[in-house]
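[1] with the sequence up front, the predicted model follows.
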Amino acid sequence: MTEAMPGVRGQGAAGHIETDVLVIGAGGAGLYAAIEAARSGARALVIDRSLIGRGGATVMAQMTVAAAIGTEQPDDWRDHWRDTLAAGRGLCDARLARLLCEDGVEVIREMDRWKVGWARHADGRIRQAFAPGHDRPRCVYVDFLSTGPAVSRTLRTQAQRQEGVQRMGEMLVTDLVVSDGAVQGVVALDLAHGVPVTIAAGATIIATGGLTRLYRRNSASANMAGDGYALALRAGAALIDMEFVQFFPIGHLAPRMVGMDPIMWDPFRYKLGGRLLNGVREEFVDRYGSTDSGKYVTTRDLATYAITKEVAAGRGSPAGGAWLSFEHVPEAVLRENFGPVIDRLAANGIDLTKTAIEVAPIAHYHMGGIRVDTSMSTGLPGLYAAGEAVGGANGANRLSGNAITEALAFGRVAGREAARFAKGGIAWDAAKAADGVALARAAGPARPGWNPAAGFARLQDIMSDLVGPFRTEAGLAEAASRLSALAAELGEVPPGPPLPHDLARADWFDLRAALLVAETVILSATERRESRGAHQREDYPGLDPAWETNQVLTLDGGALRLAQRAVVKEAA
C-alpha cells in the first residue's frame with residue numbers, strides 16, 4: 001500500500017501513506033475540497049469506499065442548484081440568504097448561511113467555466129428555475145435528469161487535471177487518529193485486500209455526506225449512514241441539531257422506476273399542479289390545514305403529515321402511499337416542460353397521461369451535522385468538514401436547491417483552509433493509531449445466525465417506525481430501548497477473520513457508526529419538545545419560541561452529552 005505518486009508520499013512500510021490534505025468522501029464537497037487544496041499548493045488525497053466521484057448524494061441529484069447569479073431577473077446573494085434563513089425557522093447559523101449564499105455565486109460561475117453545461121436561453125443566459133421557498137427564479141440546472149451527474153463528472157475531470165490530487169477508492173475509514181487533541185490522520189480498511197491502512201495527514205476533511213441511509217426509504221446512496229458524524233464525535237468534535245432529518249413527501253414508490261431520482265416529482269408538481277389523491281382517489285390535503293387546489297402550495301412537512309395520516313387511516317394507495325396524478329395534464333404540456341424526462345419515464349413503462357404513480361415520504365437530507373466555524377474547522381486542530389457533513393447552515397429545514405451549492409461552497413473553503421493548516425507539516429504518532437489498526441484487523445469469533453447487514457435493516461426499521469417525520473415521547477423511548485438492545489448484539493470486534501472484499505466486515509463497521517449516530521438523533525429529538533421545521537412532535541405540536549436554540553452533542557467517556565447553545569444570528 002505504500003504510494004509514491006503526485007499528492008501522496010509513501011513512508012517505507014506497506015500500509016502507511018502520508019499526504020498534506022486527506023479528504024474523506026468523493027462527492028461534490030470532497031472533490032471540490034481536493035481541487036482547492038491542490039490549487040493552494042497542498043498534496044491532496046481523496047479516499048472513498050466507493051468509486052471516486054460515483055458515490056454520495058451529488059451524483060444522484062437530478063434537479064436544481066440555488067445561486068443568486070441573477071440571469072433570469074435581478075438577484076443578490078443577500079436575497080438568497082434571507083430565504084435560507086426563513087426556511088431554517090430561526091436556527092440557521094447566519095455566518096454559515098451567508099457563506100453558502102455568497103460563495104455559492106462564485107462556485108456556480110466557476111462550474112460554468114469548467115463546462116458543466118448549465119441550461120441556457122437562446123441568447124446565452126443561464127436559465128434559472130423557480131423552486132419552493134425562493135422569492136424569484138434562482139435555481140440553475142443542466143436538465144431535470146442530469147444536474148447531479150454533470151456536476152460530478154465535471155469535478156472528476158477537474159480533479160484528474162489538477163496536479164497534486166490523488167484518488168483512492170475502496171477505502172473505508174474506521175477511526176480518526178488523535179494525539180494531544182489534534183487529528184493526525186486516519187485508520188482505514190482497504191476493502192479490496194482486507195487489510196488496515198494508516199494515513200497521516202497535515203489536515204483531514206470529512207466530506208462523507210449525511211445520515212439518511214438510517215431510514216428504510218431514502219434518496220441517498222448506500223454509503224450515507226452518518227459515518228463521518230461518528231468519526232468526528234469519537235475524535236472529540238461536536239455535532240449540532242441532529243434531530244432535523246428532512247423527509248421529502250412525494251418520493252417515488254411505485255411502479256418500479258430504474259435510473260431516476262426518487263424525488264424527481266417535485267418540479268412536475270409545482271409546475272403542472274399534480275393532484276395528490278388517496279387510495280379511493282380523493283384529494284385529501286385540505287383535511288389537514290391546507291388548500292392544495294391542484295397546485296403545489298402545500299409545505300413539505302404538511303404534505304408528509306397528510307400522506308402519513310391517510311395511510312394510517314387505511315386510505316393509502318396499494319403500495320402504501322398516495323397517488324400523484326398528472327392525468328389531467330395534456331401530453332403536449334408534459335413534453336413542453338419535461339421532454340427528455342417523459343421519454344425516460346416511457347422506458348420505465350410509465351405514461352403520465354394514462355395512469356397516476358404512487359408516492360410516499362422518503363428520508364432526503366439532514367440539516368444537522370458536524371459543528372464548524374466559517375473556515376470549516378471543527379475546533380479540533382487538523383480536522384475540517386464540508387458539504388452535508390456540516391450542520392448549522394440550514395437550521396431546521398433546508399431551502400430547496402441549497403444542497404449542491406452547500407457542497408461546492410463549503411468544499412472550496414475547507415480545501416483552502418485545510419491546505420493552509422497543513423503547511424505546518426505532518427505529525428504522526430503510530431501508538432495512537434494502534435487501537436484502530438487492531439480493531440480493523442481483529443478476528444472475532446464466528447457468530448452463526450447473526451449478520452450485521454440484518455442488524456442494519458433492523459436499525460432502519462427502528463428509525464423509520466419510531467423516529468420518522470412524526471415523533472412522540474413514547475415512540476422515541478421505545479426506539480432508544482430497541483437501539484440499546486441492538487447495540488448489545490454488535491460485539492466489540494467484527495466476527496471472523498478479515499478477508500479481501502469482506503462485505504460483512506464493512507457492514508459491521510457501518511452498523512457500529514450508525515448505532516452511535518442514530519442515538520444522537522433520538523436523544524436530540526427527545527429533548528426538543530416542540531415542532532419546528534423537519535422535526536415534528538405529535539405530543540408537542542406547534543413551534544415554541546423558547547426552543548429557538550441549537551442543540552450541541554459531544555461524547556464524554558463514551559456517553560453522549562447534550563447542551564443548548566444560542567443561535568448565531570449575525571454574520572460577520
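    Okay, I see it.
[2] flag the shaky bits of the stretch 251-400 of the chain, pLDDT-wise.
    Applying pLDDT under 70 to the stretch 251-400 of the chain flags residues 290-297.
[3] strands of that one, start to end?
    With DSSP state E, counting those that start in this stretch, the ranges of strands along the stretch 251-400 of the chain come out as 275-277, 322-325, 357-366, 369-370, 383-385.
[4] name the stretch among those that sits most buried.
    Greatest average neighbour count among these goes to strand 383-385 (a mean of 31), per mean count of other C-beta atoms under 10 Å. Where C-beta positions appear, they are placed from N, C-alpha and C, glycine not excepted.
[5] which helices and strands sit right next to that strand?
    Under the contact criterion of 3 or more C-beta pairs under 8 Å, 6 or more residues apart in numbering; DSSP states H and E, strand 383-385 touches strand 195-206, helix 227-235, helix 402-422.
[6] now these as TSV including distance to residue 37?
    As requested, the helices and strands packed on strand 383-385 are exported to TSV (distance: least, C-beta to C-beta, whole Å):
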stretch	distance to residue 37
strand 195-206	8
helix 227-235	18
helix 402-422	4
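[7] about what we covered before: so which of the strands of the stretch 251-400 of the chain gets nearest residue 550?
    Closest to residue 550 of the strands of the stretch 251-400 of the chain is strand 369-370 (C-beta to C-beta; 11.7 Å).
[8] who's in contact with that closest one?
    Here strand 369-370 makes contact (C-beta atoms under 8 Å, 6 or more residues apart in numbering) with 206, 210, 228-229, 232, 237-242, 378, 385, 388-392.
[9] how does it look with 7 Å?
    Here strand 369-370 makes contact (C-beta atoms under 7 Å, 6 or more residues apart in numbering) with 206, 229, 232, 237, 239, 240, 378, 385, 388, 389, 390, 391.
[10] and what about the fourth one, helix, strand or coil?
    What that stands for is residue 237. With DSSP: H, G, I helix; E, B strand; the rest coil as the basis, residue 237 sits in coil.
[11] and the residue nearest to residue 287 when sequence neighbours are not counted, what does it touch?
    Leaving aside its chain neighbours, residue 287 sits nearest to residue 306 (7.0 Å; criterion: C-beta to C-beta, 6 or more residues apart in numbering). The contact partners of residue 306, by C-beta under 7 Å, 6+ apart, come to 284, 285, 288.
[12] domain map for this structure?
    4-244+365-432, 250-362, 444-544 (automatic domain parsing).
[13] please report phi then psi for the closest residue to residue 81 other than its chain neighbours.
    Using C-beta to C-beta, 6+ apart and skipping the chain neighbours, the partner closest in space to residue 81 is residue 101 (4.2 Å). Main-chain dihedrals, residue 101, degrees, to the nearest 10: phi -80, psi -40.
[14] quick one: buried residues of stretch 220-236?
    For stretch 220-236, burial by neighbour count (16 or more other C-beta atoms under 10 Å) applies to 220-221, 223-236.
[15] how far does it sit from the chain's center?
    Chain-centre distance of stretch 220-236: 10 Å, with C-alpha atoms, centre = their mean, to the nearest Å.
[16] same check on stretch 451-461?
    In terms of C-alpha atoms, centre = their mean, the gap separating the centre of stretch 451-461 from the centre of its chain is 20 Å.
[17] hang on, the earlier thing: just put the strands of the stretch 251-400 of the chain in TSV and tack on distance to residue 73.
    Listed next are the strands of the stretch 251-400 of the chain as TSV, based on distance: least, C-beta to C-beta, whole Å:
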stretch	distance to residue 73
strand 275-277	30
strand 322-325	30
strand 357-366	27
strand 369-370	33
strand 383-385	34
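[18] out of these, the one nearest residue 29 is which?
    Closest to residue 29 of those, according to C-beta to C-beta: strand 383-385, at 8.7 Å.
[19] measure residue 23 to residue 430 for me?
    Distance of residue 23 to residue 430, given as C-beta to C-beta, to the nearest Å: 22 Å.
[20] between those two, tell me which one has more neighbours.
    The neighbour comparison of residue 23 against residue 430 (other C-beta atoms under 10 Å) goes to residue 23, with 35 against 14.
[21] and the longest helix seen in the chain, which residues are buried?
    Using DSSP state H, we find that the single longest helix of the chain is helix 503-527. Buried residues in helix 503-527, counted by 16+ other C-beta under 10 Å: 505-526.
[22] what of stretch 328-347?
    Per 16+ other C-beta under 10 Å, stretch 328-347 contains these buried residues: 329, 334, 338, 341, 342, 344, 345.
[23] for those, which two are the farthest from each other?
    For the buried residues of stretch 328-347, the maximum inter-member distance is 17.1 Å, found between 329 and 344 (C-beta to C-beta).
[24] can you tell me the distance between the two ends of stretch 435-452?
    Terminal residues of stretch 435-452 are spaced 21 Å apart (C-alpha to C-alpha, to the nearest Å).
[25] so which bits of that stretch are buried?
    Quick answer for stretch 435-452 (16+ other C-beta under 10 Å): 436, 437, 439, 440, 441, 442, 451, 452.
[26] what's the burial count for residue 313?
    Burial of residue 313 is recorded as 12 neighbouring residues (other C-beta under 10 Å).
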